[in-house]
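>>> sequence-free structure coming up:
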């Protein structure tokens, strides 16, 4: 965790024995934060890649009447992860994440979710929630999902893009094949290279043309890509966590919840209502793919965020886009 | 050079003393190949990033009646480069490339070029040719240029994307801060990581969705990104050459030929005819930018390659796209 890690409101649920999809059984810890826990209707918001509970946009204004639970994805540093448990498996599945969150919700006596809302990998978790607990007409634990800048399965292009930053870290001199962590050395150069290999994907060509990195306080593109020590994107993340969650992202495909692994069958079986909010300029979770997903869904709708912030538009950091998403979400939940 | 380097038809022109833009003066070697040298009308084709003379598509079918000169960009391994001259400057400019090619053409007694045709960085060289020798109405050395999947200045997004592969190589354990070459060790892992950080940019999301890496002989996406030893893209390139030419690409801006550095003034001053052939799905040289360039040009036309091969579509390796480009080129040169 970064030195200035914000623990405000964060709780932990201990699971004495949890069996991962890969077969490993361990005691597990799930980190979460609740807003307005006395409300009747509950909404779950899983974190995204590199995200922390307290920098996850939780829609607390428009969801003021709901009990919101923000839950940390397994492997991402707050819940059990490679960085805090040496026995953590090297191969993680979204099914593990959903199983851990389901146990948390049982512990919190939550009988039904009005919605699972998630950005990016959070949206993929929302899809897995719908596949696992929102596909039985007689027992709809999840009534609806809102995947933002996300997808039900990771595209080949998205897989390939991720291989870039992963490779940059993995072959870096200070990561040293992973042995850096045995010596308690942080692979700063490898992590900063990871961030640079990620940087052009994060937003959009138009965002760069308008030099919107200035809005993040940088005075040149070079400075944005080579920020001061300690300020690089992903520089304060744990490389092991980035790799285990990133590999899960690459393998993401809700088809895996079906015996035959058939993606289309699982998509068509989803009974929960679905609102997809892709961004027009997202370079890896493409709006075209979201529109194709709607064709397979029983009750799916797609509304495209018209923004030049690319993937970032869905993360709650762009005021105008966030306001628009809030309006879409309010309308969707009123039904 | 790779072990199976094809020397067919390659000639070398030695310049006794050449002064680079950075101020360094050196003897210089320019590598080139001529097709049909007895023809009256000449066309110049500079190589692209990572390209070699004999894998450069030279349009020899449709340009059968022309004297074609394919010339190796400085720094790229065939002409003088960091890999073959320890005194080669660390900072290279497109102006240096054009100056070296201009001297070659004088040596070959070529008085005028019907066209400079170039793909990618070759297209940027074509633009620099037009800026330097195709902007005087009374002395039009370059009559026309055809930049394919290229631009007159490198966009911020393109700059940022390149920083990914460069970073992957530069922080790799075997590149070792550049000292590998002092020890005559090839940074194989660093170069392979470079290729992986480049891979998702090269083609397009639709190309990955259709698994067109199969057409290159790979049976899985993972194999495409982790090919057998010796078969990685860029694995057989020299890291020093990739970096010096790549940094030139990042700085590419024909504005630099003007005293005031004004890009628009230089664009508006170009008297040569211009045909731009961007690809609809190119992720870094965007067709939208090519259309904006046409607005600034006196006699510019843009025709978009409708292909899902992304940037690669312009490289002459996709039969259908190549045929279409040949038709455009023929029409353009007939005027």
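Yes, it's here. What you see is a predicted model; the values in this text were computed from it and never measured. Numbers count the residues shown, from 1 in each chain, chains lettered A, B, ... in the order given.

>>> May I ask which helix or strand encompasses the closest residue to residue A:227 other than its chain neighbours?
Spatially, and ignoring its direct neighbours in sequence, residue A:227 is nearest to residue A:218 (7.2 Å; CB to CB, 6 or more residues apart in numbering or on different chains). For the C-beta atoms, the positions are set from N, CA and C on the backbone; glycine is no exception. Using DSSP states H and E, residue A:218 sits within no helix or strand.

>>> Just to check, residue A:218 is in contact with residue A:226?
No - using CB atoms under 8 Å, residue A:218 is not in contact with residue A:226, being 9.8 Å away.

>>> shared neighbours, the two?
Residues touching both residue A:218 and residue A:226 (CB atoms under 8 Å, 6 or more residues apart in numbering or on different chains): none.

>>> re the thing from before, could you check how far the residue nearest to residue A:227 is from chain B?
Per CB to the nearest CB, to the nearest Å, residue A:218 is found 12 Å from chain B.

>>> same deal with residue A:143?
Distance, residue A:143 to chain B, by CB to the nearest CB: 31 Å.

>>> State the distance from the closest residue to that residue other than its chain neighbours to chain B.
Distance criterion CB to CB, 6+ apart; nearest residue to residue A:143, sequence neighbours excluded, is residue A:114 at 5.5 Å. Counting by CB to the nearest CB, the gap from residue A:114 to chain B is 33 Å.

>>> which residues touch residue A:114?
Counting by CB under 8 Å, 6+ apart, residue A:114 makes contact with A:41-43, A:66, A:143-144, A:333.

>>> Just give me the neighbour total for the spatially closest residue to residue A:258 that is not a sequence neighbour.
Of all residues not flanking residue A:258 in the chain, residue A:266 sits nearest, at 5.0 Å (CB to CB, 6+ apart). The local packing of residue A:266 (other CB atoms under 10 Å in any protein chain shown) involves 25 other residues.

>>> element containing residue A:162?
Assessed by DSSP H and E, residue A:162 sits inside helix A:156-170.

>>> what about that helix, distance to the chain center?
Distance, stretch centre to chain centre, for helix A:156-170: 17 Å (CA atoms, centre = their mean, to the nearest Å).

>>> now the angle between helix B:156-170 and that helix, please.
Orientation of helix A:156-170 against helix B:156-170 (axes from the mean of the first three to the mean of the last three CA atoms, to 10 degrees) gives an angle of 40 degrees.

>>> what angle do the following helix or strand past helix A:156-170 and helix B:156-170 make?
On the C-terminal side of helix A:156-170, the closest following helix or strand by DSSP H and E is helix A:188-202. Our comparison of helix A:188-202 with helix B:156-170, counting by the same axes, to 10 degrees, yields an angle of 150 degrees.

>>> Which other helices and strands does helix A:188-202 contact?
helix A:156-170, helix A:221-225, helix A:239-251, helix B:156-170 (3 or more CB pairs under 8 Å, 6 or more residues apart in numbering or on different chains; DSSP states H and E).

>>> before we move on, back to that, can you give the distance from the helix or strand hosting the residue nearest to residue A:143 to the centre of its chain?
Element membership for residue A:114, per DSSP H and E: strand A:113-119. Distance, stretch centre to chain centre, for strand A:113-119: 12 Å (CA atoms, centre = their mean).

>>> what's the average pLDDT for it?
Averaged across strand A:113-119, the pLDDT comes to 98.

>>> need the next SSE after it, C-terminal direction.
helix A:121-133.

>>> and the direction of that following helix versus that of helix A:239-251, what angle?
Using the same axes, to 10 degrees: helix A:121-133 against helix A:239-251 is 60 degrees.

>>> The closest residue to chain B within the stretch 201-335 of chain A: how many residues sit nearby?
Going by CB to the nearest CB, chain B is nearest to residue A:208 of the stretch 201-335 of chain A, at 3.6 Å. Residues within reach of residue A:208, counting by other CB under 10 Å, total 23.

>>> On the pLDDT front, check the residue nearest to residue A:258 for me.
98.

>>> Let me see the contact set for it.
Here residue A:266 is in contact with A:131, A:135, A:152, A:254-255, A:257-258 (CB under 8 Å, 6+ apart).

>>> out of the residues you listed, which are inside helices?
Within the contacts of residue A:266, membership in helices is found for residue A:131, as judged by DSSP state H.

>>> Phi, psi for residue A:71 please.
Per-residue torsions, residue A:71: phi -120, psi 140 (degrees, to the nearest 10).

>>> same check, this time on residue A:266
Torsion angles, degrees, to the nearest 10, at residue A:266: phi -70, psi -40.

>>> which residues touch the residue most central in space within chain A?
The centre of chain A sits closest to residue A:48, judged by CA atoms, centre = their mean, with a distance of 2.2 Å. Going by CB under 8 Å, 6+ apart, residue A:48 touches A:56, A:73, A:118-123, A:315.

>>> which of those lies closest to residue A:240?
Within those, the smallest distance to residue A:240 is 14.4 Å, found for residue A:73 (CB to CB).

>>> The closest one contacts residue A:245, correct?
Yes - the criterion here is CB under 8 Å, and residue A:73 meets it with residue A:245 at 6.5 Å.

>>> Those two: who's more crowded?
Legend: neighbour count by other CB under 10 Å for residue A:73 and residue A:245, higher for residue A:73 (32 against 26).

>>> right, quick check: the helix holding residue A:162 against chain B, any contact?
Yes - counting by CB under 8 Å from any CB of the partner chain, chain B has neighbours in helix A:156-170: A:156-157, A:159-161, A:163-165, A:167-168, A:170.

>>> which of these are buried?
A:156-157, A:159-161, A:163-165, A:167-168, A:170 (16 or more other CB atoms under 10 Å in any protein chain shown).

>>> Switch those over to a markdown table; also include distance to residue B:296 and pLDDT.
A markdown table is the format used below for those (distance: CB to CB, whole Å; pLDDT from 0 to 100):
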| residue | distance to residue B:296 | pLDDT |
| --- | --- | --- |
| A:156 | 37 | 98 |
| A:157 | 32 | 98 |
| A:159 | 38 | 98 |
| A:160 | 34 | 98 |
| A:161 | 32 | 98 |
| A:163 | 37 | 98 |
| A:164 | 33 | 98 |
| A:165 | 36 | 98 |
| A:167 | 38 | 98 |
| A:168 | 36 | 98 |
| A:170 | 43 | 98 |
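
>>> Name the nearest of the residues you listed relative to residue A:203.
residue A:161 (13.6 Å).

>>> Just confirm the closest one contacts residue B:200, I think it does.
Yes - counting by CB under 8 Å, residue A:161 does reach residue B:200; the two are 3.9 Å apart.

>>> so how far is stretch A:145-155 from its chain's centroid?
With CA atoms, centre = their mean, you get 9 Å for stretch A:145-155.

>>> Chain B contacts on chain A?
So far as CB under 8 Å from any CB goes, chain A lies against chain B at A:155-157, A:159-161, A:163-165, A:167-168, A:170-174, A:176, A:189-190, A:192-193, A:196-200, A:204-205, A:207-209, A:211, A:221, A:224-225, A:283, A:286, A:288.

>>> Please tell me how far residue A:52 sits from residue A:284.
21 Å (CB to CB, to the nearest Å).

>>> Likewise for residue A:127?
Distance from residue A:127 to residue A:284, by CB to CB: 16 Å.

>>> the more surrounded of these two?
Between residue A:127 and residue A:284, counted using other CB under 10 Å, residue A:127 has the larger neighbour count: 31 against 22.

>>> count of residues packed around the nearest residue in space to the more buried one that is not next to it in sequence?
Leaving aside its sequence neighbours, residue A:127 sits nearest to residue A:152 (CB to CB, 6+ apart; 4.5 Å). Neighbours of residue A:152 under the rule other CB under 10 Å: 28.
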